[in-house]
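Asker: All I have is the shape, not the residue letters:
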């Protein structure tokens, strides 16, 4: 009986280790994709800025329908890149949320108090304590518990997914405003 329980604990520990490495790979993939999408957006934006600035320097300052359609194509490409960025980030973050849930469930199943990476996080940020001591009392960590920098404040509650929402929205706004700026200058 005890041997079966020990095998079950070892299997759970193996699954937990695999799950932790999977979470790390998903987070790395999300960071890399954010950088790739950001660089694509910057490339499209710079190309659009160079093209519209060259158009506004024309001597007769008359934008042809071909020029306007090319600017609209640049906006469409920018919106397409941003839409795919948001969709990819949403799907990846949902997978990550599922993996975090599974990790917390496995931590409770293993029942190793004090060793739970995902499920015991809230005890470290208790506003009444405001500090953490290492097990050997050689190191002390103080953290803010009030104001914007508190763990439940504006800065402390910021998540990587906010970057995946704010930046595409910003780029879409810039693309459309440049398009409307080019149209109003006709």
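Answerer: It's in. This one's a predicted model, so the numbers in the text were calculated from it and none came from an experiment.
Asker: Longest helix in the protein, by number of residues?
Answerer: helix 2-56 (DSSP state H).
Asker: so what does it touch, helix or strand wise?
Answerer: helix 65-110, helix 160-184 (3 or more C-beta pairs under 8 Å, 6 or more residues apart in numbering; DSSP states H and E). (C-beta placed from N, C-alpha, C; glycine too.)
Asker: The longest one - contacts with which helices or strands?
Answerer: When contacts are defined as 3+ C-beta pairs under 8 Å, 6+ apart, helix 65-110 packs onto helix 2-56, helix 160-184.
Asker: mind listing what the helix or strand that it is followed by pairs with, with the direction of each?
Answerer: Sequence order places strand 131-133 as the next helix or strand after helix 65-110, per DSSP states H and E. Next to strand 131-133 in the sheet, as set by DSSP bridges, lie strand 140-142 (antiparallel).
Asker: and the partner strand, average pLDDT?
Answerer: Per-residue pLDDT values over strand 140-142 give a mean of 73.
Asker: separation between residue 83 and residue 76?
Answerer: Separation of residue 83 from residue 76 (C-beta to C-beta, to the nearest Å): 10 Å.
Asker: for residue 14, same thing?
Answerer: Separation of residue 14 from residue 76 (C-beta to C-beta): 48 Å.
Asker: Repeat that for residue 171.
Answerer: Distance, residue 171 to residue 76, using C-beta to C-beta: 13 Å.
Asker: which one of the two has more residues nearby?
Answerer: Ranked by neighbour count (other C-beta atoms under 10 Å), residue 171 and residue 76 place residue 171 first, with 22 against 12.
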